[in-house]
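# Got a sequence here, can you build the structure:
(chains A and B)
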Amino acid sequence: MDIDLPLIWALILAIGVMMYVLLDGFDLGVGIFTAIAKDEEERNMMTATVEPVWDGNETWLIIGGGGLFAAFPTAYAIIMPAFYLPVLIMLAALIFRGVAFEFRHKAVRKPTRLFWNGAFYGGSFTAALAQGIMLGGMVQGVRVEGGAFAGGTFDWLTPFTLLTGISVVIGYMLLGACWLVLKTENELHMKARKWARMALIGVAICFLAVSFATLSLDPSIGDRWGFSMSHIDPARFLPLAPVPLAGMALCLWLWRDLSMKPGALGSAPDWRPYLLAVGIFLSGYIGLGVSLFPFIVPYEVSVWEAAAADNALMLMLVGAVIMLPIILTYTAYVYSLFWGKVKPGDGYHAS
Amino acid sequence: MEFDALLLSRLQFAFVVAFHILFPAFTIGLAAFLAVCEGLWLKTGKEVFKRLYLHWVKIFALAFAMGVVSGVVMSYQFGTNWSVFSEITGSVMGPMLAYEVLTAFFLEATFLGVMLFGWQKVGRKLHFVATCAVAIGTTISAFWILAANSWMQTPAGFAIDPETGNFYATSFVEAIFNPSLPSRMAHMLLAAYTTTAAVVMAAGAYQVLKGRITEPTKWQLRMAGGTLAVLMPLQILAGHWSGEVAHEHQPAKIAVVEGWCETSEVQGTMVLAWPDDSECGHTGITIPNTSPLLFPSVPEGEELKGMDSFAREDRPPMWLIFYSFRIMVGAGLGMLAIGLWACFLWWRGKLDKRGLFHMAAVPAGAFGFLAVVTGWITAEVGRQPYTVYGHLRTVDSLSPVTAGQVATSLIVFMVVYAIIFTAGVVYMARIATRGFDDKPTDPATRERRAPGSPLGSVDDKAEEGDDIVAAE
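As a prediction, the model looks like this:
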């Protein structure tokens, strides 16, 4: 029996990147919102909701870098030089943000405290923006000649990539606000609901803008969805239509949940907004997958062309099949350990 | 010397990896130390071990965060600056790095949360399990990284695809357990433990000098002194083993490290060297005929290759390696001396009385880091001019990047790392040197707080009497 190892690894990698987006997405989002926290106490409450788990969340990003290297070295060798500067910006932002988790508590004097607070929200915002720009850069395609990146230093900077950059920032803000809805109470909780509604409006606009911009980017994408200049091909569009429709339905549902008073009759449990936001992300992500498959370097290199040797993929598959369930189990365990609302002044000891 | 993309990329890699290695070297050792402290606390019930744990775990949290963020950088460096290397070696090295993420990185990063913030969430035993998970995770992580790096030094178990020119594994067992892995793993782990011991010793010595001598301080000095005295001799043996393996597989590296000019059956040990006009390019002070003693495994009558056995373009550069190696050896011997001295004072009952020893032990806290960095320079610059020794040259490994891009990124990394390094060291030193307040047990309200938590540190600041950022 032949196993299509490159395809399996493309799926594993896609799931890994998705996990990264959903998990680090909310802690980056919370990080962005700390910019408008009303005081240090509120800011501490916000960071306390993510402090025990952010390390594990960010580890999924190594799947993005390390996994691409291991499973698709050719794609890694093209994509990384293509996004040299945005990768650098993202890394610098993540460095500042990551150490700020610890440093801001250790800063004794006010100016240094303000500096690390700034590093925290500035780093969160910039990392999200850089990730969105790279996403856009992938979707718009990378110039390849002779199996290597052949574009310019600033190919990644276009109106389209800026649009996707902003979209990811707003998307992460939605995840972050929904996470705060789940983890906080009282005043901050009500604020988080408001933030989430604002972010949701932004997400809905970005969703549409990015979708239409993507369809017009490359004829092959429009073709895949059944759109062309003159008409819509229902045979192509209809089987795929549930994906964007589900996304829109989830947006409406989330709006309803966020608008109802907590505790009112028929109101949603606090975990549901985050779950719905995850659903919205999934619909966008699947839509993206439909648009780009089977390319790993869009429109140039397919997953099969970029894959590592079969024995390498097989060895890693054994490791992934054994380890990923274990990782997911203990990750879930740690999340359950820190389940529940964060209380003021007792940051990590919610009952 | 031209600052082209190649040289700049090499400088950048050297810089980010040298910066990164400081933190794993420290956290591998510190995680083991914390596991020992917590284990002793659970076993003996002595408060002093709990206090040591709660004290050092705050420093661990800072060092670990810096290790994580600088480690994420590493996983992107290969692609951004060494994409050709990545493509060629991906099918051999990739799985090793993937296994590091799968078996170690997630383990440490996830259980760190429990370790730092779960003090009141989980029972004592489970918390101990989390500490051990982090300690084991850091060690497994070191194994995979060293497997990948040792494969670059002494590549094995692979072949080259004639069509694409890419490498593929013929045996992953041989590739992973390549000839230099065992000795280098031993050398690195011992380096991590002794580096941490030197830091713990320095912090304790500083507290003694400041007159803040409490029960944990005393234990700290004894544990660190004992560790150094026992492990440093082993470390010297491990280093020697590593040198013997290098001599067998990378004779050019050893020729440069030793400064051997001419191939000969018996060689001396060059203590100092300086450039001159001779054919070899340098001369120096040599203790003659030491090679039978230093390389006993080399059979009598076999030639020891000097630099003249290698074409200039196949030789690593001399000066950086030659002196890095000597600084490493000197720092190592210094740590051995500190360890023995500490044990002597312990025996005489004077370890807690301030004296010359404590003044020497404070700067010696940096010796471990110095030895780690200079040791890595010796090993990795000694691998030049290859990335995969004997098979892939550094010059053929570079990404299609411009000098402008790399200069930008190098400057950004230097500035960013300078800021976080300064801040991190200041914060860590502030905690490490503060000492332990001499209350036999912590008040109940404080015990409830997680080590490393902001609330914990607010208390600490209050103790210190520094001006505190008020919660506005």
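# can you tell me the distance between the two ends of stretch B:292-308?
For stretch B:292-308, the first-to-last residue distance is 20 Å (Cα to Cα, to the nearest Å).
# Neighbours of the closest residue to B:Asn81 other than its chain neighbours, how many?
For B:Asn81, ignoring the flanking residues on the chain, the nearest one in space by Cβ to Cβ, 6 or more residues apart in numbering or on different chains is B:Ser9 at 4.2 Å. From N, CA and C alone the C-beta is placed, and that goes for glycine too. Neighbour count for B:Ser9, taken as other Cβ atoms under 10 Å in any protein chain shown: 24.
# Please give the element, helix or strand, for B:Ser9.
Per DSSP states H and E: B:Ser9 is located in helix B:5-44.
# close enough to count as contact, the residue nearest to B:Asn81 and B:Leu398?
Yes - at 6.0 Å, B:Ser9 and B:Leu398 qualify as touching, with contact defined as Cβ atoms under 8 Å.
# Next, the angle helix B:5-44 makes with whatever helix or strand comes next after the helix holding B:Ser9.
The helix or strand immediately downstream of helix B:5-44 is helix B:47-81, counting by DSSP H and E. Following axes from the mean of the first three to the mean of the last three Cα atoms, to 10 degrees, one obtains 160 degrees for the angle between helix B:47-81 and helix B:5-44.
# does the residue of the stretch 251-400 of chain B found nearest chain A count as helix, strand or coil?
Across the stretch 251-400 of chain B, the shortest distance to chain A (Cβ to the nearest Cβ) belongs to B:Ser399, at 4.4 Å. With DSSP: H, G, I helix; E, B strand; the rest coil as the basis, B:Ser399 sits in coil.
# give me every residue that touches it.
Applying Cβ atoms under 8 Å, 6 or more residues apart in numbering or on different chains, we find B:Ser399 in contact with A:77, A:80-81, A:84, A:149, B:5, B:9, B:79-84.
# of those, closest to A:Arg104?
Comparing the contacts of B:Ser399 against A:Arg104 with Cβ to Cβ places B:Thr80 closest, at 28.9 Å.
# Surely the closest one touches A:Tyr84?
Yes - assessed by Cβ under 8 Å, B:Thr80 is found in contact with A:Tyr84 at 5.3 Å.
# just to revisit the earlier point, can you list residues touching both of B:Ser9 and B:Leu398?
Residues touching both B:Ser9 and B:Leu398 by Cβ under 8 Å, 6+ apart: B:81-82.
# coming back round to it: pick out whichever of B:Thr80 and A:Tyr84 has more residues nearby.
B:Thr80 (28 against 25).
# quick one, what contacts that one?
So B:Thr80 contacts A:80-81, A:84, A:87-88, B:399, B:401, B:409 (Cβ under 8 Å, 6+ apart).
# Now with 7 Å, please.
A:80-81, A:84, A:87, B:399 (Cβ atoms under 7 Å, 6 or more residues apart in numbering or on different chains).
# pLDDT score assigned to the closest residue to it other than its chain neighbours?
Distance criterion Cβ to Cβ, 6+ apart; nearest residue to B:Thr80, sequence neighbours excluded, is A:Met80 at 4.5 Å. Model confidence at A:Met80, given as pLDDT, is 87.
# Please identify the helix or strand for A:Met80.
helix A:73-82.
# A:Ile296 now?
Going by DSSP H and E, A:Ile296 is in strand A:295-297.
# just checking, what packs against the helix holding A:Met80?
Secondary structure elements in contact with helix A:73-82, counted by 3 or more Cβ pairs under 7 Å, 6 or more residues apart in numbering or on different chains; DSSP states H and E, are helix A:68-71, strand A:148-149, strand A:295-297, strand A:301-302, helix A:303-306, helix B:47-81, helix B:83-100.
# remind me which residues of the chain are low pLDDT?
Picking chain A for this. A:1, A:229-230, A:265, A:344-351 (pLDDT under 70).
# wrong chain, I was asking about chain B
B:1-2, B:435, B:437-472.
# before we move on, the earlier item: quick one: the contacts of B:Thr80 as CSV, columns for distance to B:Gly330 too.
Below are the contacts of B:Thr80 laid out as CSV (distance: Cβ to Cβ, whole Å):
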residue, distance to B:Gly330
A:Met80, 39
A:Pro81, 40
A:Tyr84, 39
A:Val87, 39
B:Ser399, 37
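# which one of those residues is nearest B:Ser70?
Using Cβ to Cβ, those come closest to B:Ser70 at A:Val87, 14.8 Å.
# what secondary structure does the residue lying closest to B:Gly390 once chain neighbours are set aside sit in?
Closest residue to B:Gly390 apart from its sequence neighbours, by Cβ to Cβ, 6+ apart: B:Pro155 at 7.1 Å. Classification of B:Pro155 by three-state DSSP places it in coil.
# Can you tell me the SS state at the residue in the stretch 151-300 of chain A that chain B sits nearest to?
The stretch 151-300 of chain A approaches chain B most closely through A:Thr153 (5.9 Å), counting by Cβ to the nearest Cβ. Using three-state DSSP, the structure places A:Thr153 in coil.
# Any idea how many residues pack against it?
15.
# What of A:Ile286?
A:Ile286: 18 surrounding residues under other Cβ under 10 Å.
# Spatially nearest residue to residue 196, not counting backbone neighbours?
No chain specified, so I'll use chain A. Per Cβ to Cβ, 6+ apart, closest to A:Ala196 is A:Ala177, 3.6 Å.
# try again with chain B
B:Gly29 (2.8 Å).
# B:Val134 versus the nearest residue to B:Ala135 once chain neighbours are set aside, what's the distance?
Spatial nearest neighbour of B:Ala135, excluding adjacent residues (Cβ to Cβ, 6+ apart): B:Ala31 at 3.9 Å. Taking Cβ to Cβ, to the nearest Å as the measure, B:Ala31 falls 5 Å from B:Val134.
# Same check on A:Ala213?
For A:Ala213, the distance to B:Val134 - Cβ to Cβ - is 45 Å.
# what's the answer for B:Ser150, then?
B:Ser150 is 24 Å from B:Val134, by Cβ to Cβ.
# same question, B:Thr227
On the measure of Cβ to Cβ, B:Thr227 and B:Val134 end up 19 Å apart.
# next one: A:Gly56
Taken as Cβ to Cβ, the span from A:Gly56 to B:Val134 is 12 Å.
# check contacts around the residue nearest to B:Asn81.
Here B:Ser9 is in contact with B:81, B:398, B:406 (Cβ under 7 Å, 6+ apart).
# now do B:Ile160
Counted by Cβ under 7 Å, 6+ apart, B:Ile160 has contacts B:Phe167.
# Next up, phi/psi of it, please.
phi -110, psi 130 (degrees, to the nearest 10).
# any idea how far it lies from B:Phe60?
Applying Cβ to Cβ to B:Ile160 and B:Phe60 gives a distance of 43 Å.
# swap in A:Gly31?
Distance from A:Gly31 to B:Phe60, by Cβ to Cβ: 23 Å.
# in the stretch 251-400 of chain B, which spans are helices?
Taking DSSP state H, counting those that start in this stretch as the criterion, the stretch 251-400 of chain B contains helices spanning B:251-258, B:291-294, B:318-348, B:356-364, B:367-381.
# typo on my end, the stretch 251-351 of chain A
A:272-292, A:303-306, A:310-337.
# neighbouring contacts of the shortest one?
Under the contact criterion Cβ under 7 Å, 6+ apart, helix A:303-306 has outside partners A:6-7, A:10, A:72, A:74-75, A:294, A:296-297.
# at 8 Å instead, please
Under Cβ under 8 Å, 6+ apart, the answer for helix A:303-306 is A:6-7, A:9-10, A:72-75, A:294-297.
# what about B:Leu52, neighbour count?
By the criterion of other Cβ under 10 Å, B:Leu52 has 26 neighbours.
# correct me, but it touches B:Lys218?
No - using Cβ under 8 Å, B:Leu52 makes no contact with B:Lys218, being 10.5 Å away.
# Need the overlap of contacts for those two.
Joint contacts of B:Leu52 and B:Lys218 (Cβ under 8 Å, 6+ apart) do not exist.
# what number of residues lie near B:Asp277?
Using other Cβ under 10 Å, B:Asp277 is surrounded by 7 other residues.
# ugh, wrong one, B:Trp347
9.
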